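S.K.: got a predicted structure here, sequence first:
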Amino acid sequence: MTRVLVVEDDPQLVRALVINMQARKYGVDAAPDGTTALRLAAARQPDVVVLDLGLPDMDGVDVIKALRGWTRTPILVLSARRASEEKVAALDAGADDYITKPFSMDELMARLRAAVRRTEEAPLAPETTLVKTDDFTIDLLAKKAARDGRDIRLTPTEWHLLEILVCNPGRLITQKQLLQEVWGASYGNKTNYLRVYMAQLRRKLETDPAHPRYLITEPGMGYRFEP
Ligand code: CA
């Protein structure tokens, strides 16, 4: 049974979440604040955490940082906050995905399934060296990309960027994470680099670069590879 830890201080929302999750055969624990959440996470070892950022006793981002000190369990953030900086802070602290309130229960459940599935599958198994989409193929071992049977030339920087995204299918990677990984620690705010390089990658890989199907922008936040 998949165990979910719901961290949320709104009792009505907790009730709705518990009912919906139990109906889908999830085992659910609920914590009304950050302190209880950290205690329950250690005691119950949930498979996934659904975390509200606005908690009565501590900031949700600090809950994420505390959890990431010892566990890789996926964290799906619930946020009423419109400001994308808050969500980016949560993602940079180690959250896996976010959903903005108000949300539909179906959407939340789909994100939850995806988060759990990713821990079962990803990061890509070591033997996975070939990533195939309907439009292009990436050979991670040979460091080659091909489209319509023809090799595509990628620069080392383009390759590095693409590699991070395709190795984390479906996952939102923040601008800062990509910049620091590809360019280095002091480049965390050079988002214009990303715009330029992502545009190049799309021109080389996407059938319609203006309406990308695989290399998706999450405005103000980051990028996602949709396989
Ligand atoms: Ca709240």
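M.R.: Okay, I see it.

S.K.: how about the residues of the chain by the ion?
M.R.: Proximity of the chain to the ion, by Cβ under 5 Å from the ion, involves residues 9, 52, 54. The way it works is simple: take the backbone N, C-alpha and C, and place the C-beta from them, glycine included.

S.K.: try 6 Å this time
M.R.: Counting by Cβ under 6 Å from the ion, the chain comes close to the ion at 9, 10, 52, 54.

S.K.: ignoring the adjacent residues along the chain, who's closest to the residue of the chain found nearest the ion?
M.R.: With Cβ to the ion, the shortest gap between the chain and the ion falls at residue 54, namely 3.7 Å. Spatially, and ignoring its direct neighbours in sequence, residue 54 is nearest to residue 80 (6.3 Å; Cβ to Cβ, 6 or more residues apart in numbering).

S.K.: re earlier: so what pLDDT did the residue of the chain closest to the ion get?
M.R.: For residue 54, the pLDDT comes out at 91.

S.K.: show me what contacts it?
M.R.: Going by Cβ atoms under 8 Å, 6 or more residues apart in numbering, residue 54 touches 9, 60, 79, 80, 81.

S.K.: list the beta-bridge partners for it.
M.R.: residue 59 (DSSP bridges).

S.K.: break the chain into its domains for me.
M.R.: Structural domains assigned to the chain are 3-120, 130-225, following automatic domain parsing.

S.K.: in the helix ranked longest in the chain, what counts as buried?
M.R.: Counting residues, the longest helix in the chain under DSSP state H turns out to be helix 105-121. Within helix 105-121, the residues that count as buried by 16 or more other Cβ atoms under 10 Å are 108, 109, 111, 112, 114, 115, 116, 118.

S.K.: how about the strands of the protein, start to end?
M.R.: Secondary structure of the chain (DSSP state E): strands at 3-7, 27-31, 48-52, 75-79, 97-100, 130-132, 136-139, 144-147, 150-152, 172-174, 215-218, 222-225.

S.K.: quick revisit: put the buried members of the residues of the chain next to the ion into a PyMOL selection.
M.R.: Selection of buried members from the residues of the chain next to the ion for PyMOL, criterion 16+ other Cβ under 10 Å:
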select buried, resi 52
